[in-house]
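J.: Fold the following, please.
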Amino acid sequence: MKSNQARLNTGSVVPLLGLGTFSISYDFHQTNLAIKMALKMGYRHFDTAKIYGSESILGQALMEAINDGMVNRDELFVTSKLWSSDHHDPVAALQQSLRKMGMEYLDLYMVHWPVRFKSCAEYPVPNEEDFEELDMKSTWVNMEKCLELGLCKAIGVSNFSTKKLQNLLDFASIPPSVNQIEMHPMWKQNKLRKFCMEHNIHISAYMPLGGPGNIWGSTSVIQDPIIQSIAQKYQVTSAQVALRWGMQKGASVIVKSFNENRMKENFGALEIKLDDHDMINIEKMVERKIMRGDHLVNKTTSPYKTVEDLWDNEI
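T.: Model prediction:
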């Protein structure tokens, strides 16, 4: 196994650097070109979700690249996610995603949030009446069915706390392979990472740079003096330091940029190595979660009355 990969509990490998495909506004042609440009640079891990609206764009770009001989399907690691209004039928939801993408299987299918909405829920931000009681046992049985039917090679979750993972492990016949979470040098997830390591659950980090460029994101990670000092030491960029930190913690990191120079810069993080002193210094950085999930909290219909409830006080 290469140093830029991690092995899942299924035995398959996941590239440590992935390209996220969420964008507030889509230009189909630009996105198609960006994905093919990423393939030429060496990206092989691509992340989407129903809620992102990019499944069809990603699928078309990848299938065109495969048909053109640019890449083989078995070289790719492609993920998507079960949206909260599809918990009633994950198999049908995954089949719909595969039809959109023109693919026979995904490498990983994840439960996007530990929240269930009515199938007719407002999209993407729910109304108060859209929430339903979460039945993760039923959801997970059907996620396992997705795997058994060969619709995906691995199943996982996203935005699950230590407690929610433990509850899932208590009844799961097939444990999750991955937990995709917010993780960066200012939100290190030490407790959750330790739990996942002990239970052989791979962590995939979204917002590994803190989400700069997004309306909800922050530049505080890449502007932190500790990160900038390490970047200067190696004559690299702050973004490369932050990404390398995540990879050296054993996580795959999902970057989101369709800008050619940024994509090259992010890919360059695979080439650097932080020493023990760097890693110790990064531990000193102040902790702050950026993606809090406030839209999933209310006092009446949501199972989570506070943000602390949603994250089981890991916030």
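
J.: Do a quick rundown of the strands in the stretch 51-200 of the chain.
T.: Secondary structure of the stretch 51-200 of the chain (DSSP state E, counting those that start in this stretch): strands located at 77-82, 108-111, 116-117, 131-132, 155-158, 178-182.

J.: Just put those in a markdown table and tack on mean neighbour count.
T.: C-beta here means a position set from N, CA and C on the backbone, and glycine is covered the same way. As requested, these are exported to a markdown table (neighbours: other Cβ atoms under 10 Å):
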| stretch | mean neighbour count |
| --- | --- |
| strand 77-82 | 26 |
| strand 108-111 | 27 |
| strand 116-117 | 23 |
| strand 131-132 | 20 |
| strand 155-158 | 25 |
| strand 178-182 | 25 |
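
J.: Tell me which of those lies nearest to Ala251.
T.: Nearest to Ala251 among those is strand 178-182 (8.8 Å), distances taken as Cβ to Cβ.

J.: Export the strands of the stretch 51-200 of the chain as a markdown table, with columns for distance to Ala92 and mean pLDDT.
T.: Below are those laid out as a markdown table (distance: least, Cβ to Cβ, whole Å; pLDDT from 0 to 100):
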| stretch | distance to Ala92 | mean pLDDT |
| --- | --- | --- |
| strand 77-82 | 11 | 98 |
| strand 108-111 | 13 | 98 |
| strand 116-117 | 15 | 94 |
| strand 131-132 | 17 | 92 |
| strand 155-158 | 16 | 98 |
| strand 178-182 | 22 | 98 |
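
J.: so which of those strands comes closest to Ser3?
T.: Smallest distance to Ser3 across the strands of the stretch 51-200 of the chain (Cβ to Cβ): 16.0 Å, for strand 77-82.

J.: what residues does that closest one touch?
T.: 13-15, 18, 44-51, 55, 58, 62, 90, 93-94, 97, 101, 103, 106-112, 139, 143, 158 (Cβ atoms under 8 Å, 6 or more residues apart in numbering).

J.: could you redo the last one with a cut-off of 7 Å?
T.: The contact list for strand 77-82 (Cβ atoms under 7 Å, 6 or more residues apart in numbering) reads 14-15, 44-50, 55, 62, 90, 93, 97, 103, 106-112, 158.

J.: Could you count how many residues lie near Ala251?
T.: Neighbour count for Ala251, taken as other Cβ atoms under 10 Å: 26.

J.: shift numbering so it begins at 46
T.: Sure, I'll start numbering at 46, so the last one becomes Ala296.

J.: Quick check: it touching Ile246?
T.: No - Ala296 is beyond contact range of Ile246, at 11.2 Å (criterion: Cβ atoms under 7 Å).

J.: Name only those of the contacts of strand 122-127 that count as buried.
T.: Neighbour-count burial (16 or more other Cβ atoms under 10 Å) is assigned, among the contacts of strand 122-127, to 59-60, 89-95, 100, 107, 135, 138, 142, 148, 151-157, 203.

J.: for the nearest residue to His247 once chain neighbours are set aside, what are its contacts?
T.: In space, and not counting its chain neighbours, His247 is closest to Val223: 4.8 Å by Cβ to Cβ, 6 or more residues apart in numbering. Listed by Cβ under 7 Å, 6+ apart, the contact partners of Val223 are Leu53, Leu153, Met155, Ala199, Gly201, Ile246, His247, Ser249.

J.: who touches the third one in this structure?
T.: It refers to Met155. Applying Cβ under 7 Å, 6+ apart, we find Met155 in contact with Thr124, Lys126, Leu127, Gly201, Val202, Ser203, Val223, Gln225.

J.: what pairs with the third one across the strands?
T.: Put plainly, it is Leu127. Here Leu127 sits in beta bridges with Val156, as judged by DSSP bridges.

J.: Show me the shaky parts of the stretch 196-345 of the chain.
T.: 258-261 (pLDDT under 70).

J.: those helices in it, which residues are they?
T.: 207-216, 235-243, 270-279, 283-293, 305-312, 321-328 (DSSP state H, counting those that start in this stretch).

J.: Let me have those helices in a markdown table, extended by mean neighbour count and distance to Gly114.
T.: Conversion of these to a markdown table gives the following (neighbours: other Cβ atoms under 10 Å; distance: least, Cβ to Cβ, whole Å):
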| stretch | mean neighbour count | distance to Gly114 |
| --- | --- | --- |
| helix 207-216 | 16 | 41 |
| helix 235-243 | 15 | 37 |
| helix 270-279 | 16 | 37 |
| helix 283-293 | 24 | 30 |
| helix 305-312 | 16 | 22 |
| helix 321-328 | 14 | 41 |
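
J.: Which one of the ones you listed lies nearest to Ile335?
T.: Closest among these, using Cβ to Cβ: helix 283-293, at 13.0 Å.

J.: Run the angle between that closest one and helix 270-279 for me.
T.: Following axes from the mean of the first three to the mean of the last three Cα atoms, to 10 degrees, one obtains 100 degrees for the angle between helix 283-293 and helix 270-279.

J.: which helices and strands does helix 283-293 pack with?
T.: Here helix 283-293 touches helix 270-279, strand 297-300, helix 305-312, going by 3 or more Cβ pairs under 7 Å, 6 or more residues apart in numbering; DSSP states H and E.
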